[in-house]
Each structure stands twice: as C-alpha cells, then as structure tokens.
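Undergrad: next come a sequence and a model predicted from it.
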Amino acid sequence: MLPTLPFPIRTECPPGACNCERDLLLSDPAADLRVLRLTREEEKRLVARIENISSYADLRHIEKRMAEQLGIVLQIAPGAREVRTVRGLSIQLAEQRGLCRKIRQSIPAAVRRCLEEHPEIVFAILNEHDLLGSG
C-alpha cells in the first residue's frame with residue numbers, strides 16, 4: 001500500500017515503459033519524495049518555463065529552483081568533443097530514483113530548444129567552463 005502524501009504525485013508509468021523505480025522510492029521511509037511532485041501537468045509548465053528562459057542568470061535560477069523544490073540536478077557542460085552547435089553541449093539530469101524516463105528526456109530537450117534560441121546563453125556556459133579564454 002502506498003503512503004498518503006500531503007501533495008499530489010506523478011501517476012505511475014505503464015509497466016515496462018519506465019525505469020524510474022517509483023514504487024521503491026515510495027516504499028523507502030527515508031527517501032526524498034520531492035521529485036514525485038512533478039506531475040504531468042507540472043512537467044508541462046516546467047518545460048514551458050525552461051523554453052522561455054532568456055538569460056544565463058534565468059537559466060541558473062531555474063536550475064537552483066529545480067534542485068531546491070524537486071531535488072532534480074540539471075547538468076550542462078561542454079561535450080567531450082568540439083562545441084560547434086548546441087548539440088555539442090552535454091545536457092543531462094543527474095540519476096535519481098523516481099525520475100521518470102519521460103522527464104529525463106523532456107527537460108534536456110527544452111533546455112536545448114532554449115539554447116538554440118539564445119546563443120548568448122551558450123556563450124556564457126562556454127565562458128563559465130573557460131572555453132573562450134576569459135581567465
């Protein structure tokens with residue numbers, strides 16, 4: 001039997017369609033259940049918010065809020081090879097129990113779409129990793 005939580009949680013994925021281990025997360029009394037707050041509706045709102053990011057500071061703010069409120073860690077870094085386009089960046093969510101396969105795809109895809117619209121954010125990310133030689 002699933003525990004009663006004071007907030008709505010994401011519905012269970014169809015069997016075999018996901019490897020989020022939602023049931024294991026719910027059965028662990030010491031588990032961090034914040035990630036389950038990201039329902040399908042909330043995921044749509046988050047993706048829309050990410051796609052509307054217009055500055056590097058706003059991107060970092062969203063990253064911080066995702067970590068605080070949901071426990072989701074977004075990692076954006078230059079890829080192992082040359083960065084000629086946004087596709088050269090590594091955009092991933094840190095592995096975590098309860099994080100649905102669909103979310104692991106939709107959030108990085110939304111970030112990629114945002115970065116394609118705002119190349120100045122890509123330059124700031126590259127500069128943060130000292131790839132533009134500023135320091």
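TA: Now that the structure is in, tell me what you want to look at.
Undergrad: can you point out the buried residues in whatever helix or strand residue 46 lives in?
TA: Using DSSP states H and E, the element containing residue 46 is helix 40-51. Going by neighbour count (16 or more other C-beta atoms under 10 Å), the buried part of helix 40-51 is 43, 46-47, 50. Just so you know, the C-beta spots here come from the backbone N, C-alpha and C atoms, and that holds for glycine as well.
Undergrad: show me what stretch 79-98 is in contact with.
TA: 20-22, 24-25, 31, 33, 35-36, 71-78, 99, 103-104, 107-108, 111-112, 115-116, 122, 125-126, 131 (C-beta atoms under 8 Å, 6 or more residues apart in numbering).
Undergrad: packing partners of the helix of greatest length in the chain?
TA: Ordering each helix of the chain by length in residues (DSSP state H) puts helix 101-117 first. In terms of contacts (3 or more C-beta pairs under 8 Å, 6 or more residues apart in numbering; DSSP states H and E), helix 101-117 is packed against helix 40-51, strand 74-78, strand 89-93, helix 119-128.
Undergrad: can I get those in a markdown table with mean pLDDT and distance to residue 8?
TA: Putting these into a markdown table (pLDDT from 0 to 100; distance: least, C-beta to C-beta, whole Å) gives the following:
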| stretch | mean pLDDT | distance to residue 8 |
| --- | --- | --- |
| helix 40-51 | 96 | 9 |
| strand 74-78 | 89 | 23 |
| strand 89-93 | 90 | 21 |
| helix 119-128 | 89 | 32 |
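Undergrad: next, format these as CSV and append distance to residue 9.
TA: Listed next are the helices and strands packed on helix 101-117 as CSV, based on distance: least, C-beta to C-beta, whole Å:
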stretch, distance to residue 9
helix 40-51, 10
strand 74-78, 21
strand 89-93, 18
helix 119-128, 32
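Undergrad: I'd like to know which of those is closest to residue 5.
TA: Minimum separation from residue 5 across the helices and strands packed on helix 101-117 (C-beta to C-beta) falls at helix 40-51, 14.4 Å.
Undergrad: and the angle for that closest one with strand 74-78?
TA: Taking axes from the mean of the first three to the mean of the last three C-alpha atoms, to 10 degrees, one finds helix 40-51 and strand 74-78 inclined to each other by 30 degrees.
Undergrad: thank you, goodbye.
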